[in-house]
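Undergrad: predicted model, plus sequence, below.
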Amino acid sequence: MTTQAVSRFWDKYIEKTRLYGIKEKNTRWYVRHAEAYIKAHQNKRLALHSPEDVDKYLKAKGRNPRLEDWQFVQIVVAIKILFTKMVKLSWPADFPWDEWVAQAQNLTNEHATLARDYPSEITAYLNAGLEIKLEKNTGLYKQVYAKYPKYIEQLIKCIRLKHYSIRTEQAYLDWVLRYIRFHSMADPLYLSEIDISKFLEFLVLKRKVAASTQSQALNALMFFYKSVLNKELSNKIQFAHSKKPKRLPVVLSKNEIALLFSEINNPVQKLMVNLLYGCGLRLMECVRLRVLDVDFDYQQILVRNTKSKRDRVVPIPQKISEQLKSQIKKIKLMHCDDLEEGFGRVYIPDALARKYPNAEQEFRWQYVFPSSKISTDPRSGKIRRHHVHESSLQRYIKKAAEKKGITKKVNCHSLRHSFATHLLENGYDIRTVQELLGHADVSTTMIYTHVLNKPGVTVTSPLDMLDI
């Protein structure tokens, strides 16, 4: 190409970037990424490129641990524009561009997977007498931590040593901070049950919080006083309770499920959605699924590290068995390539990592739904390929429901609700559904019987009796 032709090519490329809502100040980065792709294939005309060329290039870029997720997304979009808008080929329309983007988001330092258990890290800090590096950076946190650093550090240590989830850690820490601020930064050691009651009533009367929120605040303060301040509080603290509303789960009809699925075209996202509905998995149970948990001989999945800490077994739907096998074959090839490049590690729980030091490189421990890029574990500093970020599937399902005009509040958990309800509708007993859901108490499962008990549906409205 002549210099003038090259200039016209990139002018047209820049014009096409505007169709993707790319800001003018960022256009140069997309141009650079597209140029880098072309330079990496100098001996091959763009018109002769295949999906394998792009796939190989993106996999190589995904193995750069210094590459941020947003930078990787820029690369994917830049190459997408190059082939869908500049080069007239047939295959770019079917290439899984969105899949590469959706699976690129890194897990943050406070993500529930990375922060599940780091007891050895905490023990090391305790033995060394060093401060734990906390992730909170809010003004309230800085204010309270400046005055009571030992309280905050000890609270974090106690929570992590008990292997509570990062969500619980964040919630408990937040309530303790707000409790101390409510009492004008007074030392909580010298506050009593009366002061706790005042705070809990403030939440209800002034903040209008829900009953579950008030209960969580109480649990946080009980834990703080018992574990950090070594003070036993009365279980009968008197305060005004928030009225607990009786809410029913959002359940999609079978027709709505079919309608929702018809809008999901991304193969990986569709497989994950099928697992949520077909197996009753929670969202995090799905994204954390590992190869060794899938048993095709018995056609079942072993669900580990559940919310209730109880492993359970669920059947693999026959309709997705082949897709699941194909997904595992795909990630096996990627894992082999990772190993050849000196990578191939995956996060495994701290205790298992000590017992089986080489397990993190074994294929069986790899995630069934891995991220499209390798990243540095923000806590350990190790270079790993984590699972996909759950937010991508959440957004995908919400958009699919909106496009199909489903007016119910559809999210990933509503598919689990639908799984349970449809099983009961099909005649399965409550105990079987309880086991498949992993509920410790059958009373939790009983909420799904609301669809079967339909007194309002079987009654004929008096309006329909009028001859008008």
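TA: That came in fine, so what should we check first?
Undergrad: okay, CA-based contacts and neighbour counts for the rest of this
TA: Will do.
Undergrad: in the stretch 351-468 of the chain, which spans are helices?
TA: With DSSP state H, counting those that start in this stretch, the ranges of helices along the stretch 351-468 of the chain come out as 390-403, 412-425, 430-437, 442-445, 455-458, 462-465.
Undergrad: format these as JSON lines; extra columns: distance to Cys158 and mean neighbour count.
TA: Supplementary listing: those in JSON lines, determined by distance: least, Cα to Cα, whole Å; neighbours: other Cα atoms under 10 Å:
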{"stretch": "helix 390-403", "distance to Cys158": "28", "mean neighbour count": "17"}
{"stretch": "helix 412-425", "distance to Cys158": "30", "mean neighbour count": "22"}
{"stretch": "helix 430-437", "distance to Cys158": "30", "mean neighbour count": "18"}
{"stretch": "helix 442-445", "distance to Cys158": "29", "mean neighbour count": "14"}
{"stretch": "helix 455-458", "distance to Cys158": "49", "mean neighbour count": "8"}
{"stretch": "helix 462-465", "distance to Cys158": "60", "mean neighbour count": "8"}
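Undergrad: hey, least reliable of those helices by pLDDT?
TA: Of all the helices of the stretch 351-468 of the chain, the minimum mean pLDDT falls on helix 455-458 (a mean of 50).
Undergrad: if I pick Leu415, what's in contact with it?
TA: Taking Cα atoms under 8 Å, 6 or more residues apart in numbering as the criterion, Leu415 is in contact with 251-252, 276-277, 280.
Undergrad: give me the buried positions along stretch 213-226.
TA: Judged by neighbour count (16 or more other Cα atoms under 10 Å), stretch 213-226 contains these buried residues: 213-214, 217-218, 220-225.
Undergrad: before we move on, what about stretch 77-88?
TA: So stretch 77-88, judged by 16+ other Cα under 10 Å, has buried residues 77-86.
Undergrad: poorly predicted segments of the chain, please.
TA: Using pLDDT under 70 as the threshold, the predicted model of the chain has low-confidence ranges 1, 108-138, 235-236, 240, 242-246, 350, 378-380, 451-465, 468.
Undergrad: rewinding a little: among the buried residues of stretch 77-88, name the ones in helices.
TA: Cross-referencing those against helices under DSSP state H gives 77-81.
Undergrad: list the buried residues of stretch 149-168.
TA: Across stretch 149-168, burial judged by 16+ other Cα under 10 Å covers 151-160, 163, 165-166, 168.
Undergrad: separation between Tyr145 and Trp70?
TA: Computed as Cα to Cα, to the nearest Å, the Tyr145 to Trp70 distance reads 32 Å.
Undergrad: for Pro65, which non-adjacent residue is closest in space?
TA: Leaving aside its sequence neighbours, Pro65 sits nearest to Ser375 (Cα to Cα, 6 or more residues apart in numbering; 4.6 Å).
Undergrad: closest to His241 among the buried residues of stretch 77-88?
TA: Checking the buried residues of stretch 77-88 against His241 with Cα to Cα, the nearest one is Val77 at 51.8 Å.
Undergrad: ok, then the element right after the helix or strand where Tyr37 lies?
TA: With the criterion set as DSSP states H and E, the secondary-structure element containing Tyr37 is helix 27-39. Proceeding C-terminally, helix 27-39 gives way to helix 51-62 as the next helix or strand, assigned by DSSP H and E.
Undergrad: now for that following helix, which elements pack on it?
TA: Contact analysis of helix 51-62 by 3 or more Cα pairs under 8 Å, 6 or more residues apart in numbering; DSSP states H and E lists helix 69-81 as its packing neighbours.
Undergrad: if we use 10 Å, what do you get?
TA: Counting contacts by 3 or more Cα pairs under 10 Å, 6 or more residues apart in numbering; DSSP states H and E, helix 51-62 is packed against helix 27-39, helix 69-81, helix 97-102, helix 321-340.
Undergrad: ok, which of the ones you listed comes nearest Ile406?
TA: Of all these, helix 97-102 sits nearest to Ile406, with 22.7 Å by Cα to Cα.
Undergrad: in the closest one, what's buried?
TA: When burial is assessed from 16+ other Cα under 10 Å, helix 97-102 yields the following buried residues: 97, 99-102.
Undergrad: will you turn those into a markdown table that also has distance to Ser418?
TA: A markdown table is the format used below for these (distance: Cα to Cα, whole Å):
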| residue | distance to Ser418 |
| --- | --- |
| Trp97 | 30 |
| Glu99 | 26 |
| Trp100 | 29 |
| Val101 | 29 |
| Ala102 | 25 |
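Undergrad: identify the residues contacting the nearest residue to Cys336 once chain neighbours are set aside.
TA: Nearest in space to Cys336, with sequence neighbours left out and distances taken as Cα to Cα, 6+ apart, is Gly344 at 7.6 Å. Under the criterion of Cα atoms under 10 Å, 6 or more residues apart in numbering, the neighbours of Gly344 are 63, 334-338, 360-363, 366, 374, 383-385.
Undergrad: grab the nearest non-local neighbour of Val388.
TA: Leaving aside its chain neighbours, Val388 sits nearest to Ser371 (4.5 Å; criterion: Cα to Cα, 6+ apart).
Undergrad: which residues does that neighbour contact?
TA: For Ser371, counting by Cα under 10 Å, 6+ apart, the contacting residues are 62, 99-107, 287, 384-389.
Undergrad: ok, back up a step: ok, which of the helices of the stretch 351-468 of the chain comes nearest Ser197?
TA: Comparing the helices of the stretch 351-468 of the chain by Cα to Cα, helix 442-445 comes nearest, at 29.1 Å.
Undergrad: with just CA atoms, put that closest one into CSV.
TA: Backbone C-alpha positions of helix 442-445 (Å, rounded to 0.1, in the frame of the first residue of the first chain) are rendered in CSV as follows:
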residue,chain,number,x,y,z
VAL,A,442,-36.4,-28.0,54.6
SER,A,443,-38.2,-24.8,55.8
THR,A,444,-36.0,-22.8,53.4
THR,A,445,-37.2,-24.9,50.5
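Undergrad: show residues contacting that helix.
TA: Counting contacts by Cα under 10 Å, 6+ apart, the residues outside helix 442-445 that touch it are 417, 420-421, 430-435, 437-439.
Undergrad: could you redo the last one with a cut-off of 8 Å?
TA: Counting by Cα under 8 Å, 6+ apart, 430-431, 433-434, 439 sit against helix 442-445.
Undergrad: what of stretch 58-78?
TA: 29-31, 33-34, 97, 100-101, 104-106, 338, 343, 372-376, 383.
Undergrad: only the buried subset of those residues, as a ChimeraX command please.
TA: The command below creates a ChimeraX selection of those among the contacts of stretch 58-78 that count as buried (16+ other Cα under 10 Å):
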select :30,31,33,34,97,100,101,104,105,106,338,343,372,373,374,375,376,383
